[in-house]
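Asker: quick one, structure for this:
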Amino acid sequence: MKKFARKITAFVIAVAMVFASTASVHASSNNRTDVPLRATLESVDAYVDWVDGSAVITMPNGDEWVFIPGAATATLNSQEVALMYPVTMAGGVMFISYADVVALFGTAQVQEAGLDMPFAATIETALSAAPAFMNMVGVTGLTMAVVDIETGFTWTQGFGYADSVNGIQVDEHTLFQVGSTSKPFTAIAVMQLVEEGLIDLDSPLVNYLPEFSMLPSPVLGGSSDDVTVRMLLNNTSGVISNNFKGMIVTGDEQYQGHMNNLLEWLPTRELLFVPGDMYDYSNNNWTLLSILVARVMGFDNYFEGFVEHTDATIFAPLGMERTTFEFTPALTNVAMPYVTLNRQDDMHTVSSIGAGGLLSSAYEMARFMHAIGGDGTLDGQRLLRQETIAYMMQEHSVMIPGMMEYGLGFFRISIDGLETVGHGGNITHYHTEMIIHLETGIGVFVSTNTISGITITTALAYTVMDAAITEKTGVSPLPPLPTQPELPAGEGAMLSEEELIALAAFEGIYSFGEAGVWELEIVDGVLTWRSGDIMFELTPLPDGTFDSLAGIYSFEFVDGVAIATLTAGDTQVPGIRLDDSYEIEVPEEIMAWVGVYNFVPQVENEAGIITQVIISVNEHGLPLMTMIQPIHAYFDAPEIPLGEYNGYYFAATMPVRFLVDDDGNKTIDLMGALFAR
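Answerer: Numbers count the residues shown, from 1 in each chain. You can find the predicted model right below:
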């Protein structure tokens with residue numbers, strides 16, 4: 001993750017560097033800020049004439065523009081040019097969106113005109129960067145919002161197509177599925193009930209949902225009776241990460257059974273760890289929280305109850321009239337799903353709505369950012385007390401120390417000193433990033449409708465965030481790119497010749513018991529661990545040990561045997577170097593499962609989050625599991641070591657069940673999803 005964050009930082013800065021390049025103002029009702037067309041252009045020596053109700057502008061360089069009231073196009077030297085917004089008339093004056101002024105004439109025109117147009121350079125950056133990012137990876141449609149919470153400034157813009165088949169372009173009101181960006185809304189629904197005294201954060205969940213139960217972890221034990229509401233909100237509950245059964249279905253209506261039946265399914269599953277002991281991002285936490293809200297408010301149908309409650313207590317007060325947790329055929333102006341540029345796919349909808357089923361637009365997400373980044377109110381309507389929102393955005397659990405923490409429904413992320421709060425979201429076709437820089441009050445929302453959008457949403461959001469903070473404060477929040485290639489501290493460091501000679505004696509393959517088998521090697525002067533496709537680097541410390549994302553490693557010979565010891569907090573895990581010709585004795589039953597397994601739908605229209613599971617054995621006999629997902633068109637599918645403990649098998653933290661029916665047919669159960677050979 002450190003490597004990823006620094007790559008994103010470098011990418012963000014590089015792209016920002018590439019794209020960075022007193023009249024009255026009329027504010028319209030739809031998030032656009034307009035300026036008078038004639039006064040704006042005459043201020044830079046253009047000649048404006050009126051012909052049959054149209055504005056004909058002759059620029060100093062001889063170009064002739066024609067603008068027609070109410071039209072969303074203009075002409076340049078008789079060639080039609082699309083506008084972001086139609087020109088308008090008010091009080092006999094023709095107004096043009098200043099976003100269009102920036103797009104058509106550039107920030108230089110804005111500056112020369114002396115217009116009071118905030119964030120013109122940021123908008124110019126966004127207008128250049130968004131299409132460039134989209135073209136880079138083939139994204140069909142994208143929507144964006146930029147806000148300055150301190151001043152009330154809002155800018156929203158759509159790019160590309162919501163429906164390329166029917167020629168419908170994305171606008172600020174186009175609805176996108178925002179995936180896990182749903183989680184802050186679910187957290188707010190819970191915290192509203194906490195403020196009302198109907199929910200206690202530290203009460204066990206069974207006090208509200210008596211039928212909630214899970215089996216103890218086969219590795220670590222623990223009791224589901226100890227899971228509290230707070231643990232669900234900060235992802236430390238130990239509840240299994242997903243219930244894939246019916247989690248995503250095709251069509252434009254969600255499967256209510258996924259949410260309404262969760263309390264019947266969980267008792268058949270094991271906790272991952274002792275509740276409260278560690279962090280693990282879990283969608284089931286958030287489905288449980290939405291069930292909790294519905295139950296406390298007296299609804300029997302958890303799906304319908306959560307939809308009705310959030311409509312009344314969150315979306316209506318904030319004026320988010322089209323935002324909803326319920327996908328229905330009646331919804332209009334919805335961004336269609338795309339596999340690649342202009343290649344439309346079947347619609348997929350999320351059934352675990354509190355975890356990832358929200359639909360919203362740039363216009364309405366801008367309103368949300370104004371409310372949560374401010375004092376908890378918008379247009380006189382209070383969402384939560386300001387101190388409650390501040391508490392939700394504090395650190396409540398740690399994913400990566402010093403870089404990625406979790407509050408109550410919000411990530412806290414620090415990238416090279418730039419600290420933001422927010423939440424991203426990814427489902428099959430839709431990818432979203434929402435970030436807020438509390439210190440300056442700048443918020444950015446980006447969402448796309450194409451699978452490849454997962455590769456650009458975060459980078460684009462931070463590119464625009466950097467531009468906005470720089471324009472507001474005069475200082476870029478991100479450090480400049482290094483002039484010479486170098487490895488940043490903490491991401492692996494070049495070893496001296498003496499260190500290389502000493503450490504070369506430790507290279508080899510180590511067994512860490514239940515933590516798997518890992519190979520230690522020096523790659524381009526950097527000490528690394530590798531297991532399958534997973535690799536991370538080590539940083540030498542002054543005391544001779546090595547820092548890493550997993551913890552601190554030390555190396556020594558004991559009676560001639562090379563030992564690598566991982567220290568993480570109070571826990572020490574020793575690894576013993578194996579002979580180069582080692583072979584792992586794989587249980588015979590695993591060898592019988594080697595093969596390719598395809599997704600088996602269990603409910604009507606079910607879509608596979610994972611479409612295929614492959615069980616294989618490497619050259620040393622290490623059993624591996626590979627999961628194929630749609631997004632792996634853009635990322636290599638990792639081979640994850642398959643470990644065994646007390647008869648249970650795990651791929652990372654995912655419990656894997658191997659099932660055989662009476663006829664001898666083999667099926668793999670991966671968190672509720674079934675795969676058959």
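
Asker: where exactly do the strands run in the stretch 501-650 of the chain?
Answerer: Assigned by DSSP state E, counting those that start in this stretch, the strands in the stretch 501-650 of the chain fall at 508-511, 517-523, 526-531, 534-537, 539-540, 546-547, 552-558, 561-568, 571-578, 595-600, 612-617, 623-628, 639-645, 648-651.

Asker: over to the stretch 51-200 of the chain?
Answerer: Using DSSP E, counting those that start in this stretch, strands in the stretch 51-200 of the chain cover 54-58, 64-67, 73-76, 79-82, 88-90, 93-97, 141-148, 153-163, 168-169, 176-177.

Asker: the longest one packs against which elements?
Answerer: Translated: strand 153-163. Helices and strands touching strand 153-163, by 3 or more Cβ pairs under 8 Å, 6 or more residues apart in numbering; DSSP states H and E, are helix 120-137, strand 141-148, strand 168-169, helix 362-373. All C-beta atoms are positioned from the backbone trio N, CA, C, and that covers glycine.

Asker: kindly report the same for the second one.
Answerer: Using 3+ Cβ pairs under 8 Å, 6+ apart as the contact test, the elements touching strand 64-67 are strand 54-58, strand 73-76.

Asker: let's have those strands in a markdown table, adding mean neighbour count.
Answerer: Shown next, in a markdown table, are the helices and strands packed on strand 64-67 (neighbours: other Cβ atoms under 10 Å):
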| stretch | mean neighbour count |
| --- | --- |
| strand 54-58 | 18 |
| strand 73-76 | 16 |
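
Asker: make TSV out of those and add distance to residue 248 and mean pLDDT.
Answerer: Shown next, in TSV, are the helices and strands packed on strand 64-67 (distance: least, Cβ to Cβ, whole Å; pLDDT from 0 to 100):
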stretch	distance to residue 248	mean pLDDT
strand 54-58	50	90
strand 73-76	39	90
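
Asker: and those strands: which comes nearest residue 334?
Answerer: Of all the helices and strands packed on strand 64-67, strand 73-76 sits nearest to residue 334, with 24.7 Å by Cβ to Cβ.

Asker: so how far is that closest one from its chain's centroid?
Answerer: Per Cα atoms, centre = their mean, to the nearest Å, the displacement of strand 73-76 from the mean C-alpha position of its chain is 38 Å.

Asker: and it, which strands flank it?
Answerer: Here strand 73-76 is paired, per DSSP bridges, with strand 64-67 (antiparallel), strand 79-82 (antiparallel).

Asker: any chance of JSON lines for the helices and strands packed on strand 64-67, columns distance to residue 496?
Answerer: Below are the helices and strands packed on strand 64-67 laid out as JSON lines (distance: least, Cβ to Cβ, whole Å):
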{"stretch": "strand 54-58", "distance to residue 496": "66"}
{"stretch": "strand 73-76", "distance to residue 496": "62"}
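
Asker: what does the helix or strand harbouring residue 432 contact?
Answerer: Residue 432 belongs to strand 431-437 when elements are defined using DSSP states H and E. Here strand 431-437 makes contact (Cβ atoms under 8 Å, 6 or more residues apart in numbering) with 149, 176, 178-181, 184, 365, 369, 372-373, 413, 418-426, 442-448, 453-454, 457-458, 460-462, 465, 469, 477.

Asker: leaving out sequence neighbours, find the closest residue to the residue positioned nearest the centre of the chain.
Answerer: Central residue check for the chain by Cα atoms, centre = their mean: the C-alpha nearest the mean position is that of residue 424, 2.5 Å away. Nearest non-adjacent residue to residue 424, counting by Cβ to Cβ, 6 or more residues apart in numbering: residue 433, 4.7 Å away.

Asker: out of the strands of the stretch 501-650 of the chain, flag the one nearest residue 80.
Answerer: Once the strands of the stretch 501-650 of the chain are compared by Cβ to Cβ, strand 623-628 is nearest, at 45.1 Å.

Asker: doesn't residue 639 make contact with residue 626?
Answerer: Yes - assessed by Cβ atoms under 8 Å, residue 626 is found in contact with residue 639 at 5.1 Å.

Asker: anything in contact with each of these two?
Answerer: The contact lists of residue 626 and residue 639 share residue 616, where a contact means Cβ under 8 Å, 6+ apart.

Asker: how about stretch 396-414, which residues are buried there?
Answerer: Under the neighbour-count criterion of 16 or more other Cβ atoms under 10 Å, stretch 396-414 has 396-399, 403-413 buried.

Asker: ok, and what's touching that stretch?
Answerer: 1-2, 5, 183-184, 186-188, 191, 230, 233-236, 279, 281, 391-395, 415, 419-424, 435, 549.

Asker: now with 6 Å, please.
Answerer: 1, 183-184, 187, 233-236, 279, 392-395, 420-421, 423 (Cβ atoms under 6 Å, 6 or more residues apart in numbering).

Asker: okay, now the domains of this structure?
Answerer: If you go by automatic domain parsing, the domain ranges for the chain are 24-115, 176-473, 497-578, 588-676.

Asker: looks to me like residue 295 is in a helix.
Answerer: Yes - counting by DSSP: H, G, I helix; E, B strand; the rest coil, residue 295 is found in a helix.

Asker: check the burial of it by counting its neighbours.
Answerer: 16 (other Cβ atoms under 10 Å).

Asker: again, but for the one 10 residues further on
Answerer: Here the number of neighbours of residue 305 (other Cβ under 10 Å) works out to 21.

Asker: before we move on, what about residue 264?
Answerer: Using other Cβ under 10 Å, residue 264 has 9 other residues around it.

Asker: that's a helix at it, yeah?
Answerer: Yes - according to three-state DSSP, residue 264 belongs to a helix.

Asker: wasn't residue 460 part of a helix?
Answerer: Yes - assessed by three-state DSSP, residue 460 belongs to a helix.

Asker: that one and residue 133 touch, don't they?
Answerer: Yes - assessed by Cβ atoms under 6 Å, residue 460 is found in contact with residue 133 at 5.0 Å.

Asker: who's more crowded, those two?
Answerer: Taking other Cβ under 10 Å, residue 460 and residue 133 do not tie; residue 460 has more neighbours (26 against 23).

Asker: on that earlier part again, can I get the strands of the stretch 51-200 of the chain in TSV with distance to residue 592?
Answerer: Shown next, in TSV, are these (distance: least, Cβ to Cβ, whole Å):
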stretch	distance to residue 592
strand 54-58	77
strand 64-67	73
strand 73-76	66
strand 79-82	61
strand 88-90	71
strand 93-97	65
strand 141-148	47
strand 153-163	48
strand 168-169	52
strand 176-177	40
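
Asker: one step back: hey, what's the residue nearest to residue 424 bridged with?
Answerer: Bridge pairing for residue 433 - DSSP bridges - gives residue 424, residue 446.

Asker: same deal with residue 558?
Answerer: Residues in beta-bridge contact with residue 558 (DSSP bridges): residue 561.

Asker: report how many residues lie close to it.
Answerer: Neighbours of residue 558 (other Cβ under 10 Å): 9.

Asker: now do the residue nearest to the centre of the chain against residue 322, distance only.
Answerer: 21 Å (Cβ to Cβ, to the nearest Å).

Asker: likewise residue 121?
Answerer: 31 Å.

Asker: the two - which one has more neighbours?
Answerer: The neighbour count for residue 121 versus residue 322, taken as other Cβ under 10 Å, is higher for residue 121 (20 against 17).

Asker: any idea what sits nearest residue 215, other than its immediate chain neighbours?
Answerer: Here the residue nearest residue 215, using Cβ to Cβ, 6+ apart, is residue 270, at 4.5 Å.
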